[in-house]
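> have a look; sequence and predicted model below, questions after that.
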Amino acid sequence: MQPDPVTLAVLENRFRAIVEEMGEALLRTATSQILNSSRDFSIALCDAQARLVAQADHIPVHVGAMPFAAAAVLESFGATMQPGETYLLNDPWHGGSHLPDLTIVLPVFGDGALRFLTVVRAHQSDIGGATHGAYNPAAFEIWQEGIRIPPIRLGEDDALREDLVAMLALNTRIARDFRGDLMAMWGAARLGAKRVQALLAEHGATKLAAASDAILDLSEAHARRIIASWADGEYFGEATLDDDGHGAENIPIRARVTKRGGDIAVDLSASSPQVRGFVNSSWPNTVSAARMALAYLLDPEVAKNDGAFRPLTVIAQEGSIVRPREGAAVTLCTSHCSNEIVEAIVKALAPACPERAMGGWGRRFRVAIAGENPKRAKKFVWHLFHARPGGGGHAKGDGWSSAGEWHSAGGLKFGSVEMAEARFPLFFRHHEFRPGSAGDGTFRGGLGAELELVIETQQPAMANTAGDGVRHGAAGMLGGADGAPHRYTLRHADGTERDLRTKETGVELRPGDVLVVRSGGGGGWGPPDKRAPALREADAKEGLI
């Protein structure tokens, strides 16, 4: 039943079309701003062995971890799974990455047996816990971060259990958004299952299984050919977190990377011991970050599936920041320390494949605001996705400006300024590139952004922050300079102001207060003295330096 090359190409594109359509369905039906505007979700199709067969281009840090969710569902329910059932989880020690990311898994049967799993992961605007917005900078254990959900059977007979949905919604601050987003996730997963069932009916389970195997094998072979062209050796890279919000500062992430032929081993064992704050990385997230780093160094044409990641081995010590013991606070991990894991690995491999390594991407600095919306007389939670940092420079050109961070690589959008103003009590006074923020180099990094955001509530609102990068900017690569770090300032109506810390709770925002955001730029690539004068002249003319 081995498909011929033409059929194989058609089926690979059919798989990809299914996950892309699922993503469009979720985008157009989700309720919250974090999904229908900022697109903080990802879609995957796994086979009956929980191997990643296809993904859509959404959030890279999600995708490498989603097979862990599929595997956790199979481990818990594999022998009893039935058509029409729906499974849900978020717990980092049971297949999840961090608690805000809910994952829905739907089984797809063919010829009486499980054949595929459609997987939808989406970040929730709130997941309970001690603070609004799904991040708690004060947390020092996972029970303070929100509700933990191991793999559960959320529905059966093509319906969800209302008692479980009600219980989950009751544990969030914005039940309407939670319910709407959960229904959108379920709808996207069901759409994917319907499309896969049509494919099974057309080609048969045996042929699709053979096609899946072949697709993964081809991706593996493609990835190994590329890796084999890099210089063999043992390499070392290090990246540094500012702090954990609980006293630990300048926290190192260290990667020792061994490259032999078509194989790569990433050893993170020399990284910091786990810390008290929420920058610890769950194991699925750590593996996903390492897969991200590898994916960024491969050709764009390599399908990023289970086969492409087979050449990679990830090693870490339990009890370290990259593999904490169960119960640790981990909510920030999909941003930090995932960005630092990627940066350390790319730094390490840059001498082996300099034309593929890029400068560091900016760090995440998120603000979540909760208050009363006078336009609608309802409570709201709004997440700041605007004023993204810059991407890294690379061998072919300058980095993308205001494109985001390593963990999303442009996948997270900041959405329409006008739409945000229409939906929330906010006014964007200005939103533009931040001159001078990019790391210099043969090719400079992308610029960060400047934003003045006026709070237009009638009563004080509350904010918390979650991020990093006010001390350490995005790393320059191969002689390039680091990007500028962040600076976020709260300016009161009376003119007094103070800088915001990256991990802070209980920030009062009074009516008329202004958030002044200056986000970091990307790291430069290559020695600055080799930058073409014409490029410097163009930057100066456009006011970018």
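All right, it came through fine. Residues are numbered from 1 along each chain as shown.

> wait, a helix at Pro284?
Yes. Looking at Pro284 with DSSP: H, G, I helix; E, B strand; the rest coil, it is inside a helix.

> that one: neighbour count?
25 (other Cβ atoms under 10 Å). From N, CA and C alone the C-beta is placed, and that goes for glycine too.

> for the one 3 residues further on, same thing?
For Val287, the tally of surrounding residues (other Cβ under 10 Å) stands at 24.

> and the one 5 residues further on, by the same measure?
The burial metric for Met292, expressed as a neighbour count using other Cβ under 10 Å, is 28.

> for His62, see how far away it is.
Relative to His62, Met292 is positioned 10 Å away (Cβ to Cβ, to the nearest Å).

> kindly report the same for Ala30.
Noted for Ala30: a distance of 15 Å to His62, by Cβ to Cβ.

> those two: who's more crowded?
More crowded of Ala30 and His62, by other Cβ under 10 Å: His62, with 30 against 25.

> ok, the more buried one touching Asn285?
No. His62 lies out of contact with Asn285 (Cβ atoms under 8 Å); the separation is 9.4 Å.

> spit out the residues that contact those two alike.
Residues touching both His62 and Asn285 (Cβ atoms under 8 Å, 6 or more residues apart in numbering): Ser97, Thr334.

> okay, strands next: where are they in the stretch 351-500 of the chain?
Counting by DSSP state E, counting those that start in this stretch, the stretch 351-500 of the chain has strands at residues 365-373, 378-383, 426-433, 449-455, 461-467, 487-491, 497-499.

> and what of the stretch 101-250 of the chain?
Under DSSP E, counting those that start in this stretch, the stretch 101-250 of the chain gives strands at 101-110, 113-123, 152-156, 159-160, 233-243, 249-260.

> out of those strands, nearest to Gly307?
The minimum distance between Gly307 and these falls on strand 113-123, with 16.2 Å, by Cβ to Cβ.

> helix or strand with the lowest mean pLDDT in this protein?
Using mean pLDDT, DSSP states H and E, the weakest-scoring helix or strand in the chain turns out to be helix 60-63, at a mean of 89.

> low-confidence stretches in the stretch 1-150 of the chain?
1 (pLDDT under 70).

> am I right that Leu74 sits in a helix?
Yes. Residue state for Leu74 (three-state DSSP) corresponds to a helix.

> about what we covered before: tell me which of the strands of the stretch 101-250 of the chain sits nearest to Ala188.
Among the strands of the stretch 101-250 of the chain, if distance is taken as Cβ to Cβ, the winner is strand 113-123, at 5.1 Å.

> residue ranges of the helices in the chain, please?
With helices called from DSSP state H, the chain shows them at 5-29, 33-36, 60-63, 66-77, 162-170, 175-203, 205-228, 283-297, 306-309, 338-349, 417-423, 533-541.

> hang on, the earlier thing: now tabulate the strands of the stretch 351-500 of the chain in a markdown table and tack on mean neighbour count, mean pLDDT and distance to Asp177.
Formatted as a markdown table, the strands of the stretch 351-500 of the chain follow (neighbours: other Cβ atoms under 10 Å; pLDDT from 0 to 100; distance: least, Cβ to Cβ, whole Å):
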| stretch | mean neighbour count | mean pLDDT | distance to Asp177 |
| --- | --- | --- | --- |
| strand 365-373 | 22 | 95 | 12 |
| strand 378-383 | 19 | 92 | 8 |
| strand 426-433 | 15 | 96 | 17 |
| strand 449-455 | 21 | 97 | 20 |
| strand 461-467 | 23 | 97 | 17 |
| strand 487-491 | 18 | 98 | 25 |
| strand 497-499 | 11 | 97 | 31 |
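
> Ile174 is nearest to which of those strands?
Closest of the strands of the stretch 351-500 of the chain to Ile174 is strand 378-383, at 5.7 Å (criterion: Cβ to Cβ).

> ok now that closest one, how far from the chain's centre?
Distance of strand 378-383 from its chain centroid, counting by Cα atoms, centre = their mean, to the nearest Å, is 22 Å.

> try stretch 456-466
With Cα atoms, centre = their mean as the basis, stretch 456-466 stands 25 Å off its chain's centre.

> quick one: contacts of it?
131-133, 135-137, 278, 331-332, 335, 364-374, 425-427, 455, 488, 500-512.

> neighbours around Ala295, how many?
20.

> just Ala9 next, same as before
Ala9, neighbours per other Cβ under 10 Å, totals 13.

> what's the answer for Asp213, then?
The tally of other residues near Asp213 (other Cβ under 10 Å) stands at 15.

> then Asp299?
10.

> from Asp263, how far off is it?
Using Cβ to Cβ, one gets 18 Å for the distance from Asp299 to Asp263.

> could you do Cys46 as well?
For Cys46, the distance to Asp263 equals 24 Å [Cβ to Cβ].

> so for those two, which residue has more residues nearby?
Cys46 (27 against 15).

> the more buried one bridge partners, please.
Leu52, Leu117 (DSSP bridges).

> contacting residues around it?
Cys46 makes contact with Leu52, Val53, Met66, Pro67, Ala70, Phe116, Leu117, Val119, according to Cβ under 8 Å, 6+ apart.

> surely the fourth one touches Asp306?
Yes. Judged on Cβ under 8 Å, Pro67 makes contact with Asp306 at a distance of 7.0 Å.

> compare those two (neighbour count), which wins?
Neighbour totals were compared for Pro67 and Asp306, and Pro67 leads with 27 against 20 (other Cβ under 10 Å).

> any idea how far that one lies from Ala44?
On the measure of Cβ to Cβ, Pro67 and Ala44 end up 8 Å apart.

> now for the two: what residues contact both?
Contact criterion Cβ under 8 Å, 6+ apart; residues shared by Pro67 and Ala44: Leu52.

> quick one: Ser402 and Pro354, what's the gap?
From Ser402 to Pro354 the distance is 26 Å (Cβ to Cβ).

> Leu106 now?
Distance of Leu106 to Pro354, given as Cβ to Cβ: 43 Å.

> so those two - more neighbours on which side?
Leu106 (26 against 15).

> so that one makes contact with Leu114?
No. Applying Cβ under 8 Å, one finds Leu106 not in contact with Leu114, separated by 10.9 Å.
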